[in-house]
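> I'll drop the sequence and a predicted model, then ask my questions.
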Amino acid sequence: VRLRRPDSRARSNLRRPRPGQLASVPGMLAAFHDEWDAAALETHALRRDLGEARTQLSQALYQHDAACRVIARLLRERDEARAALAEAQRAGGSAPGAGERKRAAPATETGAGGASAAAVATGDGAPAEKRAKAGLTADVLEAMIACNKRLSKNRKKRPAPEGLAAPDDLGAYALESKFPVHQTTKQGVLALAILPGGGAEGGDLVAWGGVDTKVNLSAARGKRAQSLAGHKKKVLDVSFVGSGAASALLASGSADSTCKVWKRAGPVGSAPYFELASTFQDHDAEVTAVCPHPAGDYLATASADGTWGFYDLQAELCLAQMGVGAAGPAFTCGAFHPDGLIWGGGTGGCRGGAGVVQVWDVKTQKKAAEMACSSPPCDVTALSFSENGYYLATAARGEAKVWDLRKLKCIQTLDLPYAADVQCGVAFDHSGAYLGVCGSDARVYGVKQGWGCLATLPGKIPTKKGCTPQVRFGPNAGYLAVAAGDHNLRYFTSSA
């Protein structure tokens, strides 16, 4: 018998019987319920896996970002070390190691050749490796000597600047304007500097700092135009480095033990004026003074740790650090002589003694003289060299004196009606013809008038404990800027 192969079309019409559980409505409902439970469990597992993946991704991204920041910091430190090594090799001095930071050199020099190390911290809080300073190189000394010869030549025969205010004009000084420059909750202007021609339309640029930790700038007799943040504690001194309006730098010293240098951020007269260029961390205590060298390429800092440092701003290096350190008195103020080869630093009254002015020979990096400038116990709060190079004015609590540098002798003690606890500030004008003194009021004295008082400016100047009043002359003594214990900056000028 021949069996026939079944037709595929007939086979396709066959249907498999339903399972027993799907043959009834209750069975179908139970199957649907099981499938729903399985789908819910799968969704829960997927969400859990997604959460874990997100957590792992977040941790990986955080670790990647941290690694990138560490790599960037290491590359920056490597570049800085290479630049410092190259600069030291060009200068012929001792080169720092490849792993050292050039801006955190903690050695303390007691003279031209000796050095003793002191611990400081780098920018991220880690202690920096100890190393000695290279010292003032032959090129630096040659540049300073050339600057000295250029500035001291014909100094005796130099005529008074054209347009210099006459004594009668200073006698007519009156309060022209007063600007609030700090928060009322953080009063106290501790530093003041003026850059002639550095502001808008050829006007003067004024910088100041104080208790609010910021360095501020404005046009003379104008409102604040820029605020530079960077210091962590109060700003104790500011100064412009260089005489050119376009090339001048701005230096600031703070109680956070750092000195910052700011460079031009835009064309002259435009805001913002400056941006951060360098940060130096060579002192163990607050930086009380920043002193520009007349050559414009160098800067000195004075500190409460009893040392003062000399910096090459182009190389961004501390070349030398002089002083006896913590064993001696703290420096409270400082300035370069107009010829640039002498540095003077005022000190506090060490162990209840009198404050003194230490005169240092920059070439030999040794102390040349010392003058007791205040009655014990009292600090020297301010000092100023006259442009003629002969006179030095010093201030302490309730008193101000004038010294003849040729004889190292006090030639005049100004008669001031201030209380014994009132801190005083002093400053010569750029011509050396006038001396400004500020305590509980502001006064102007004439050099050629036998140190007589030419003007007592109207109005009382607020005083505050720990806040030395600041007084600065504008170009040709055209105006007088005064800052003190409150949050205001005052401008006095003749009404004529």
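All right, it came through fine.

> As a check, name the ranges of all helices in the protein.
With helices called from DSSP state H, the chain shows them at 8-12, 25-91, 138-152, 167-171.

> Among those helices, which comes closest to residue 335?
Residue 335 lies closest, by CB to CB, to one member of these: helix 138-152, at 14.8 Å. All C-beta atoms are positioned from the backbone trio N, CA, C, and that covers glycine.

> send the alpha carbons of the closest one over as CSV?
Provided in CSV are the C-alpha atoms of helix 138-152 (Å, rounded to 0.1, in the frame of the first residue of the first chain):
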residue,chain,number,x,y,z
ALA,A,138,76.2,90.7,38.9
ASP,A,139,73.6,91.7,36.3
VAL,A,140,71.2,92.9,39.0
LEU,A,141,73.9,94.9,40.9
GLU,A,142,75.0,96.4,37.6
ALA,A,143,71.5,97.5,36.8
MET,A,144,71.0,99.1,40.2
ILE,A,145,74.3,100.9,40.1
ALA,A,146,73.4,102.3,36.6
CYS,A,147,70.0,103.4,38.0
ASN,A,148,71.8,105.1,40.9
LYS,A,149,74.1,107.0,38.6
ARG,A,150,71.3,108.1,36.4
LEU,A,151,69.0,109.3,39.2
SER,A,152,71.7,110.9,41.4
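
> what is the rounded mean pLDDT of that helix?
For helix 138-152, mean pLDDT rounds to 90.

> List the buried residues in that helix.
140, 143, 144, 147, 148, 151 (16 or more other CB atoms under 10 Å).

> picking up where we left off before, would you reformat the helices of the chain as TSV and include distance to residue 208?
Formatted as TSV, the helices of the chain follow (distance: least, CB to CB, whole Å):
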stretch	distance to residue 208
helix 8-12	98
helix 25-91	31
helix 138-152	27
helix 167-171	23
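
> so which of the buried residues of helix 138-152 would you say is closest to residue 86?
residue 140 (16.6 Å).

> Spit out the contact partners of that closest one.
Residue 140 sits next to 91, 298, 312, 319 when contact means CB atoms under 8 Å, 6 or more residues apart in numbering.

> run the last query once more with 10 Å
91, 93, 134, 293, 295, 297-298, 310, 312, 315, 319-320, 362-363 (CB atoms under 10 Å, 6 or more residues apart in numbering).

> same question, residue 173
Residue 173 neighbours (CB under 10 Å, 6+ apart): 165, 442, 444, 454-458, 477, 479-480, 491-495.

> among the residues you listed, which are in strands?
Using DSSP state E, the subset of the contacts of residue 173 located in strands is 442, 444, 454, 455, 456, 479, 480, 491, 492, 493, 494.

> Widest-spaced pair of those residues?
Pairwise across these, and taking CB to CB, the largest span is found between 454 and 491, at 17.9 Å.

> where does the stretch 51-200 of the chain have low pLDDT?
Low-confidence regions of the stretch 51-200 of the chain, defined here as pLDDT under 70, cover residues 92-132, 156, 183-185, 200.

> show me where the stretch 151-300 of the chain has strands.
Using DSSP state E, counting those that start in this stretch, the strands of the stretch 151-300 of the chain run over 173-180, 189-195, 205-210, 215-219, 224-228, 235-241, 249-254, 259-264, 274-280, 287-292, 298-303.

> Any idea which of those gets closest to residue 72?
Short answer: strand 274-280, nearest of the strands of the stretch 151-300 of the chain by CB to CB, at 16.9 Å.

> for the helices of the chain, which one sits closest to residue 467?
Here helix 167-171 is closest among those (CB to CB), at 25.3 Å.

> ok, for residue 229, nearest residue in space, not its chain neighbours?
residue 214 (5.6 Å; CB to CB, 6 or more residues apart in numbering).

> How about residue 418?
Here the residue nearest residue 418, using CB to CB, 6+ apart, is residue 439, at 4.1 Å.

> okay, now that neighbour: neighbour count?
The number of residues packed near residue 439 is 27, by other CB atoms under 10 Å.

> Tabulate the contacts of residue 140 in CSV, adding columns for neighbour count and distance to residue 466.
CSV is the format used below for the contacts of residue 140 (neighbours: other CB atoms under 10 Å; distance: CB to CB, whole Å):
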residue, neighbour count, distance to residue 466
91, 20, 40
93, 19, 39
134, 24, 36
293, 24, 28
295, 18, 33
297, 19, 33
298, 24, 30
310, 26, 28
312, 22, 33
315, 20, 35
319, 21, 32
320, 25, 30
362, 24, 30
363, 15, 35
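
> closest to residue 411 among those residues?
Distances from residue 411 to the contacts of residue 140, taken as CB to CB, are shortest for residue 362 (24.6 Å).

> Next, the contact list for that closest one, please.
Per CB under 10 Å, 6+ apart, neighbours of residue 362: 136, 140-141, 144, 148, 293, 298, 300, 310, 320, 322, 336-337, 340-343, 368.

> For it, give me phi and psi.
phi -70, psi -30 (degrees, to the nearest 10).

> Can you read off the pLDDT for it?
Looking at residue 362, the pLDDT reads 93.

> cool, residue 379 as well?
Here the pLDDT value assigned to residue 379 is 86.

> Could you verify my assumption that residue 227 touches residue 217?
Yes - Residue 227 lies in contact with residue 217 (CB atoms under 10 Å); the separation is 7.9 Å.

> more neighbours, these two?
residue 217 (25 against 13).

> now that one: how far from residue 493?
Going from residue 217 to residue 493 by CB to CB, to the nearest Å gives 20 Å.

> Could you do residue 385 as well?
For residue 385 relative to residue 493 (CB to CB), the value is 25 Å.

> Quick check: bridge partners of the most centrally placed residue in the chain?
Among the residues of the chain, residue 252 comes closest to the average C-alpha position under CA atoms, centre = their mean, at 2.8 Å. Beta-bridge partners recorded for residue 252 (DSSP bridges): residue 238, residue 260.

> so who does it touch?
Here residue 252 is in contact with 191, 193, 207, 209, 214-215, 228, 230-231, 235-239, 258-262, 274, 276, 287, 290 (criterion: CB under 10 Å, 6+ apart).

> Residue 63: which of the contacts of residue 140 is nearest?
For these, the nearest to residue 63 is residue 315 (37.0 Å; CB to CB).

> how about the nearest residue to the closest one, chain neighbours excluded?
residue 87 (4.5 Å).

> and that neighbour, how many neighbours?
20.

> wait, doesn't it sit right on residue 139?
No - Residue 87 lies out of contact with residue 139 (CB under 10 Å); the separation is 11.1 Å.

> re the thing from before, nearest to residue 372 among the buried residues of helix 138-152?
Proximity to residue 372 was ranked across those by CB to CB; first place goes to residue 148, at 27.6 Å.

> Fine by me, we can end here.
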